[in-house]
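Colleague: Structure for this input, please:
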Amino acid sequence: MELNRTQKMAMEFNKKIREKMGERIDDFCIVDVIDDENHRAFSVEFIAYNYFPIRMNYEKGRFGCCILWGNKSIELVNSQKWWDEADFDIYFKEFKEELELRIPDKFLISRGWI
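Modeller: Just a heads-up that it's a prediction; the model follows:
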């Protein structure tokens, strides 16, 4: 099966985050793909730090992540908001910082992440 352009973008995000975050992330699932010439959107769900379920949303060039909390979500603030302009080194650095602020140091130390 050949992937469409939007699915390829989602796979590229998966590749980038695996390279930057390594064993800190698991269980990827690409969902809600819309591949229309005038409307591209997708979401990637995964587990970060074996602690938080995360959803990265992309729609019409803009993207961002949130922690899934039941039927609500908690935005993870990031300076990189536009896919085509994003510096993914900065994006993943800020993503990591936002998550580690919310996880107890004792947990991170026990896993060797700090």
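Colleague: and Ile74, what is it in contact with?
Modeller: Contact analysis of Ile74 by CB atoms under 8 Å, 6 or more residues apart in numbering lists 66-67. In this view, the C-beta of every residue, glycine as well, is placed from N, C-alpha and C.
Colleague: pretty sure it belongs to a strand, no?
Modeller: Yes - under DSSP: H, G, I helix; E, B strand; the rest coil, Ile74 falls within a strand.
Colleague: Return the set of buried residues in the helix or strand encompassing Ile34.
Modeller: Element membership for Ile34 (DSSP states H and E) is strand 25-36. Residues 25, 28, 30, 33 are the ones in strand 25-36 that count as buried (16 or more other CB atoms under 10 Å).
Colleague: likewise stretch 50-67?
Modeller: Using 16+ other CB under 10 Å as the burial criterion, the residues of stretch 50-67 that qualify are 51-52, 54-58, 63-67.
Colleague: By residue count, what's the longest helix in the chain?
Modeller: Scanning the chain for the helix with the most residues, using DSSP state H, yields helix 5-21.
Colleague: That helix relative to strand 25-36, how many degrees between them?
Modeller: 160 degrees (axes from the mean of the first three to the mean of the last three CA atoms, to 10 degrees).
Colleague: Can you spell out which helices and strands pack onto helix 5-21?
Modeller: strand 25-36, strand 39-48, strand 52-59, helix 88-101 (3 or more CB pairs under 8 Å, 6 or more residues apart in numbering; DSSP states H and E).
Colleague: Which of the ones you listed sits closest to Ile109?
Modeller: Closest of the helices and strands packed on helix 5-21 to Ile109 is helix 88-101, at 11.2 Å (criterion: CB to CB).
Colleague: For the helix or strand following the closest one, give the mean pLDDT please.
Modeller: As assigned by DSSP H and E, the chain's next helix or strand after helix 88-101 is helix 105-110. Across helix 105-110, the average pLDDT comes to 92.
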